[in-house]
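In: Got a sequence here, can you model it:
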Amino acid sequence: MSVLAFDLGASSGRAMLGQLNSRTIGVTEIHRFPNDPVRIGDRFQWDILRIYHEMKQGLLKLKGKHNLPSSIGIDTWAVDFGLLDQGGELLMNPYHYRDTHTDGVMEQVFRELPPGEIFDRTGIQFLSFNTIYQLASLQRKKPYLLQEADRFLMIPDLLRYFLTGEMANEFTNATTTQLYNPHTASWDDHLLKSLKIPHPLFHPVVQPGTHIGGLRPAVTEELGLPSIPLYAVAEHDTASAVVAVPALERSFAYLSCGTWSLMGTEVDQPVIHERARELNFTNEGGAYGTYRLLKNIMGLWILQECQRTWGREGMSHSFPELVHMAEAAPAFACFIDPDDSMFLPAGDMPKRVREYAARTNQGVPQNEGALVRCIMESLAMQYRYVLELTEELSGRKFQGLHMVGGGIHNETLCQWTANAIGKPVWAGPAEGSAIGNMAVQFIAQGELSDIWEARAVIRESFPVKTYEPQDAPLWEEAYGVFGQRTGKR
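Out: Coordinates of the predicted model:
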């Protein structure tokens, strides 16, 4: 039996075919494509129609080469969305969460709704680009769009609608909006009314594993395919990645490592209290009645932007080359706080790292190797910091850390993470989001009984590499310096 997972990240997308044979899952990459946002004037937007076109190319590549899948699922990043009019037409190209249209909006919203009230009603961390602030920005600057809009669909909802003609809001992505109330298990009327966001825009929320139509006639005619069923999977890519964590124990910590790093644990009920708000943790929806108590960490975005900047300057380096340069640079020479807001927008990231170092009275990295080492060591230290906070909020002690996602190809980062946390790191699988997407489809069709059988099968199907901590005294001392330089003591 096979299923197709469209796994769409902030920098690339892929169509992956998953085949379940007895107790193993085999994965074949059908199509991969860049997902480059587009800057038009002052706006930074997703090329949503290009993404949809590439998804159709993935479907076309199945014909004649592979058995057609029994179903299709889509997972993507969170918070961004499209608005449709009454005729089902897209009203605007979706903004990228790194666009500046939300600058200052969160603070404006706080004048109408205290942050404590927002957190108590949603359990979601405060990020300037959360959907609530994007919609508040539209209400202030382009109210005519919300007046004309008939439906709100998040990115995977929107792409699923393009394929099927059916509209639904899926749970794991809906929770990231900071407009979903886990206490009532519905959109929060009070928040929507307070911000003058029309409630009829929002559909009832469906759970991962819900069957939502099949390929619409226009698509089947265009591509020459039958009407393959689509399922709402855990459509936030991190939620899918957590499904794929090959944990043997019920209590585990995970790090989904890619453009963003997301660290946390799986809980049965959201953790909503003042300490969680103070630490800016979030309670995003998970699959099968769970929540993801986690914190966003800026992740490999900082390094990716450095690579882009150097490329524009004529110094093209592959990621392996950059990691090799970092390994040759002096250790613990400089630290940054990866989550400082200066590292959020696109731009000249090497300049910003040097500015941070100068502002905090540290030695300024003078070459690519020193700068990359600073970023990678800082990420490893930040992982330890957030892991300790996760233990505090969850009341658990974790024996190690499961790392999934494309970032695990950076073996040096995996090793430095183990060194920083002083515990083993279990790395794998790399295609965690796609595999979790597949697992929900297999469960929905009765091929796997539940998430724990799926995790056991995933552990048997994909290699997991263990990194044991090294040089503990040196890393312990350096962690103290990191705390001093970043204000995290």
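In: Let me see the ranges of the helices in the stretch 201-350 of the chain.
Out: In the stretch 201-350 of the chain, the segments counted as helices under DSSP state H, counting those that start in this stretch are 217-223, 237-243, 274-278, 301-312, 319-328, 349-359.
In: now the fourth one and helix 349-359, what's the angle there?
Out: By that I understand helix 301-312. In terms of direction (axes from the mean of the first three to the mean of the last three C-alpha atoms, to 10 degrees), helix 301-312 departs from helix 349-359 by 120 degrees.
In: So which other helices or strands are in contact with helix 301-312?
Out: helix 319-328, helix 349-359, helix 368-394 (3 or more C-beta pairs under 8 Å, 6 or more residues apart in numbering; DSSP states H and E). Yep, even glycine has a C-beta here, placed from its N, CA and C like the rest.
In: hey, which of the ones you listed is tucked in deepest?
Out: Ranked by mean neighbour count, the helices and strands packed on helix 301-312 are led by helix 368-394 with a mean of 22 (mean count of other C-beta atoms under 10 Å).
In: what is the mean pLDDT for that helix?
Out: Taken as a whole, helix 368-394 carries a mean pLDDT of 98.
In: Moving along the chain from that helix, name the first helix or strand you hit.
Out: Downstream of helix 368-394, the next assigned helix or strand under DSSP states H and E is strand 401-404.
In: who's in contact with that next one?
Out: 241, 244-247, 252-257, 383, 387, 414, 417-418, 421, 423-430, 432 (C-beta atoms under 8 Å, 6 or more residues apart in numbering).
In: just how off-centre is the helix or strand just after it within its chain?
Out: Downstream of strand 401-404, the next assigned helix or strand under DSSP H and E is helix 411-421. Mean-position distance between helix 411-421 and its chain equals 21 Å (C-alpha atoms, centre = their mean, to the nearest Å).
In: Please apply the same query to stretch 338-357.
Out: That offset, for stretch 338-357, works out to 20 Å (C-alpha atoms, centre = their mean).
In: Using PDB, write out every CA atom in it.
Out: C-alpha atoms of stretch 338-357 as PDB (Å, rounded to 0.1, in the frame of the first residue of the first chain):
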ATOM      1  CA  PRO A 338      19.600  33.000  18.200                       C
ATOM      2  CA  ASP A 339      16.200  34.200  19.100                       C
ATOM      3  CA  ASP A 340      17.100  37.900  19.200                       C
ATOM      4  CA  SER A 341      14.500  39.700  17.000                       C
ATOM      5  CA  MET A 342      17.400  41.100  14.900                       C
ATOM      6  CA  PHE A 343      17.800  37.700  13.300                       C
ATOM      7  CA  LEU A 344      14.200  37.200  12.200                       C
ATOM      8  CA  PRO A 345      14.000  39.300   8.900                       C
ATOM      9  CA  ALA A 346      15.800  38.300   5.700                       C
ATOM     10  CA  GLY A 347      19.000  40.300   5.000                       C
ATOM     11  CA  ASP A 348      22.700  40.600   5.700                       C
ATOM     12  CA  MET A 349      23.000  38.100   8.500                       C
ATOM     13  CA  PRO A 350      26.800  38.100   8.800                       C
ATOM     14  CA  LYS A 351      26.600  41.800   9.500                       C
ATOM     15  CA  ARG A 352      24.000  41.300  12.200                       C
ATOM     16  CA  VAL A 353      26.000  38.500  13.900                       C
ATOM     17  CA  ARG A 354      29.000  40.900  14.000                       C
ATOM     18  CA  GLU A 355      26.800  43.700  15.300                       C
ATOM     19  CA  TYR A 356      25.500  41.500  18.100                       C
ATOM     20  CA  ALA A 357      29.100  40.500  19.100                       C
END
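In: about what we covered before: of the contacts of strand 401-404, select the buried ones using a PyMOL command.
Out: Entered in PyMOL, the line below selects the buried ones among those, by 16 or more other C-beta atoms under 10 Å:
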select buried, resi 241+244+245+246+247+252+253+254+255+256+257+383+387+414+417+418+421+423+425+426+427+428+429+430+432
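In: mind putting the helices and strands packed on helix 301-312 in a markdown table, distance to residue 265 included?
Out: Output for the helices and strands packed on helix 301-312, formatted as a markdown table (distance: least, C-beta to C-beta, whole Å):
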| stretch | distance to residue 265 |
| --- | --- |
| helix 319-328 | 28 |
| helix 349-359 | 30 |
| helix 368-394 | 5 |
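In: Can you say which of those helices is nearest to residue 82?
Out: helix 349-359 (29.1 Å; C-beta to C-beta).
In: Tell me which stretches of the stretch 151-300 of the chain form strands.
Out: Using DSSP state E, counting those that start in this stretch, the strands of the stretch 151-300 of the chain run over 151-154, 169-170, 180-181, 186-187, 205-206, 210-214, 229-232, 253-257, 261-267, 282-285, 291-297.
In: wait, doesn't residue 349 sit right on residue 302?
Out: Yes - if you go by C-beta atoms under 8 Å, residue 349 and residue 302 touch, sitting 5.6 Å apart.
In: Return the most buried member of the strands of the stretch 151-300 of the chain.
Out: Looking across these with neighbours counted as mean count of other C-beta under 10 Å, the highest average goes to strand 253-257: a mean of 29.
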